[in-house]
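*Asks:* I'd like to go over a predicted model; first the sequence, then the structure.
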Amino acid sequence: MHDDGRYDDRRVNGPAGRSSGDPVSRETDYPGWSASEEPGSPSTRSPECEPVARRDVPARPVSSAPANVPLAREPHDPTDGPANAPSTRPAPARGNAAVPARYEPQPPVSGVPQQPGPVASVSGVVIPADTPPTPGYEAEPDPGTYVSRETPTREEDDPPLAMEAMRAVQILNPSGEVTMPRPERTRVMCVANQKGGVGKTTTTVNLAVALALHGNRVLVVDLDPQGNASTGLNVPHHTGVPDVYDCLIDSVPLEEVAQAVEGIPNLWCVPATIDLAGAEIELVSVVARESRLARAIAAYPGHFDYVFIDCPPSLGLLTVNALVAAQEVLIPIQCEYYALEGLNQLINNINLVRQHLNPRLDVSTILLTMYDRRTRLADAVEQDVRNHFGDKVLQAVIPRNVRVSEAPSYGQSVMTYDPGSRGATSYFEAAQEIAERGVKEPVSRNA
Ligand code: ADP
Ligand code: MG
């Protein structure tokens with residue numbers, strides 16, 4: 001690879017070199033696309049390539065078929081395991097729009113999350129003892145009567161979100177053997193890469209949910225004015241909702257804007273509204289403009305095991321605030337051409353912040369995302385990244401997976417949307433690695 005992140009033809013085409021007619025080409029990366037036609041052309045798109053449901057698209061119907069009649073399945077990602085179809089629950093409306101009456105929202109976090117207490121396990125879902133019971137279910141469901149999302153008999157049988165979380169853990173971690181040990185001290189991780197669309201938000205949301213489902217107390221700070229992390233966690237973030245802008249510019253305490261994430265115990269989110277778009281400029285004239293977020297997080301009176309900060313795709317003052325607030329940087333790298341281009345600039349910025357503002361900052365974790373095993377390019381990128389960053393690169397690699405990209409339109413992470421998908425299992429493995437590293441190498445490097 002060249003210094004500027006480009007690959008020469010030999011690397012891209014494989015050691016032996018390949019002609020442009022080689023069948024393993026970009027055009028044939030996606031099932032159903034003919035090499036001779038443009039990807040996305042309606043005439044050639046397979047069901048897997050159909051646009052996913054958006055909030056303005058009618059919700060998918062809930063079948064009224066009897067339980068023993070197999071239901072029509074949604075088009076399924078052929079790379080996924082067969083067993084776990086996504087929910088047939090209608091796509092929830094976003095923001096403050098009404099959710100179905102039986103999904104009573106969890107009360108918003110009022111004030112401070114409680115100090116963590118002993119951990120209880122309900123059907124494999126690890127819940128700190130001080131977590132208030134989630135409205136909507138009282139007791140552990142009898143496994144014999146558990147109704148899978150694949151075979152709902154009536155609309156009322158569609159399980160509430162908390163049940164989906166339980167189901168996710170049962171599928172991802174059936175024996176309960178995998179633990180995600182809680183770190184001794186809060187790990188503040190900044191998820192950064194100034195390139196857009198590399199999986200920062202997806203990584204933030206899914207790692208946060210995976211860790212929270214396994215007993216860690218997690219806070220997600222959405223620092224991108226697009227508010228994608230808030231959307232992915234189904235946290236209201238329309239104009240007027242108190243958000244991270246208020247904390248940065250008006251010094252509102254974080255605990256006043258943090259919201260409990262519905263259906264996921266132990267998880268809170270500080271949302272971003274469109275107001276945050278102005279913060280980059282307004283921060284310029286604010287005192288201690290680079291350390292506003294660091295102060296807000298340090299002043300949070302509750303205890304979290306993890307704070308994930310989802311950065312915008314830029315290296316402006318918002319990202320600098322995240323780098324000053326964090327001890328660790330997690331860089332998602334998309335397994336694509338130009339993957340490393342621009343990374344030097346990010347590393348230079350991190351070095352500058354370390355020298356002048358935050359000496360404990362460490363690039364601790366690199367995660368390869370959107371890996372497409374059908375391309376040699378993905379292999380080449382993986383090798384380059386591993387050669388360059390060594391053991392900072394997680395062994396777990398996130399594949400390109402349709403379920404991952406569908407989940408946000410249902411206001412869910414892929415962990416609960418389709419826990420059996422390769423996207424979910426890969427994020428589960430990545431979360432496990434991060435948790436284990438945090439215990440093996442306790443944050444001494446940050447001391
Ligand atoms: P960023 O936050 O870096 O801009 P996102 O996390 O928003 O990137 O991801 C960009 C787009 O790619 C989103 O539409 C997301 O759903 C999709 N995406 C992310 N990861 C995957 C994946 N592993 N497989 C398929 N699509 C993905
Ligand atoms: Mg994003």
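*Replies:* Noted; the coordinates are in hand. Numbering: from 1, shown residues only. Ligands and ions are numbered 1, 2, ... in the order given.

*Asks:* ok, which stretches of this protein are strands?
*Replies:* Here the chain has its strands, by DSSP state E, at 119-122, 125-128, 187-191, 218-222, 259-260, 267-270, 306-310, 328-334, 362-371, 393-399.

*Asks:* Mean pLDDT added to the ones you listed, as TSV?
*Replies:* TSV is the format used below for the strands of the chain (pLDDT from 0 to 100):
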stretch	mean pLDDT
strand 119-122	38
strand 125-128	44
strand 187-191	98
strand 218-222	98
strand 259-260	96
strand 267-270	97
strand 306-310	98
strand 328-334	97
strand 362-371	96
strand 393-399	97
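
*Asks:* and those strands as TSV, adding mean neighbour count and distance to ligand 1?
*Replies:* To be clear about C-beta, it is placed using only N, CA and C from the backbone, and glycine gets the same treatment. Shown next, in TSV, are these (neighbours: other C-beta atoms under 10 Å; distance: least, C-beta to the nearest ligand atom, whole Å):
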stretch	mean neighbour count	distance to ligand 1
strand 119-122	15	29
strand 125-128	22	24
strand 187-191	27	8
strand 218-222	28	10
strand 259-260	23	20
strand 267-270	29	15
strand 306-310	28	7
strand 328-334	24	7
strand 362-371	22	5
strand 393-399	19	5
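
*Asks:* Pull up the residues of the protein that are close to ligand 2.
*Replies:* 200-201, 224, 228 (C-beta under 5 Å from the ion).

*Asks:* Could you list which of those belong to helices?
*Replies:* Applying DSSP state H to these, the entries found in helices are 200-201, 228.

*Asks:* re the thing from before, filter the residues of the chain next to ligand 2 down to the ones close to ligand 1.
*Replies:* Among the residues of the chain next to ligand 2, proximity to ligand 1 is found for 200-201, 228 (C-beta under 6 Å from any ligand atom).

*Asks:* Next up, the contacts around Gln395.
*Replies:* Residues counted as contacts of Gln395 (C-beta atoms under 8 Å, 6 or more residues apart in numbering) are 429, 433.

*Asks:* Equivalent analysis for Leu367, please.
*Replies:* Listed by C-beta under 8 Å, 6+ apart, the contact set of Leu367 reads 199, 203, 330-333, 393-394, 396-398, 430.

*Asks:* for Leu346, same thing?
*Replies:* With contact set as C-beta under 8 Å, 6+ apart, Leu346 has these partners: 192-194, 315, 331.

*Asks:* re earlier: export the ones next to ligand 1 among the residues of the chain next to ligand 2 to TSV and append columns for pLDDT and neighbour count.
*Replies:* Below are these laid out as TSV (pLDDT from 0 to 100; neighbours: other C-beta atoms under 10 Å):
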residue	pLDDT	neighbour count
Lys200	97	30
Thr201	98	27
Asn228	96	20
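
*Asks:* Who does Val221 form a beta bridge with?
*Replies:* For Val221, the beta-bridge partners are Val270, Ile309 (DSSP bridges).

*Asks:* ok, it touching Tyr306?
*Replies:* No. Counting by C-beta atoms under 8 Å, Val221 stays clear of Tyr306, with 10.9 Å between them.

*Asks:* Out of the residues of the chain next to ligand 2, flag the one nearest to ligand 2.
*Replies:* Using C-beta to the ion, Thr201 is the member of the residues of the chain next to ligand 2 that lies nearest ligand 2, at 3.3 Å.

*Asks:* Touching, the closest one and Gly227? I think so.
*Replies:* No. Applying C-beta under 8 Å, one finds Thr201 not in contact with Gly227, separated by 9.5 Å.

*Asks:* count of residues packed around Gln355?
*Replies:* The number of residues packed around Gln355, counting by other C-beta atoms under 10 Å, is 10.

*Asks:* What of Ile281?
*Replies:* Using other C-beta under 10 Å, Ile281 has 10 other residues around it.

*Asks:* same question, Pro301
*Replies:* Using other C-beta under 10 Å, Pro301 has 11 other residues around it.

*Asks:* That one and Leu368: what is the separation?
*Replies:* To Leu368, Pro301 is 37 Å away according to C-beta to C-beta, to the nearest Å.

*Asks:* Check Ala396 too.
*Replies:* Going from Ala396 to Leu368 by C-beta to C-beta gives 9 Å.

*Asks:* and what of Phe389?
*Replies:* In terms of C-beta to C-beta, Phe389 sits 10 Å off from Leu368.

*Asks:* Name the residues of this structure found near ligand 1, please.
*Replies:* Neighbours of ligand 1 within the chain, by C-beta under 6 Å from any ligand atom: 196-202, 228, 313, 369-370, 398, 400-401, 404-405, 408, 423.

*Asks:* Where do the helices of the protein begin and end?
*Replies:* Taking DSSP H, the helices of the chain run over residues 9-13, 161-172, 200-213, 228-232, 244-250, 254-257, 279-282, 292-298, 317-325, 343-356, 376-389, 402-406, 414-417, 422-440.
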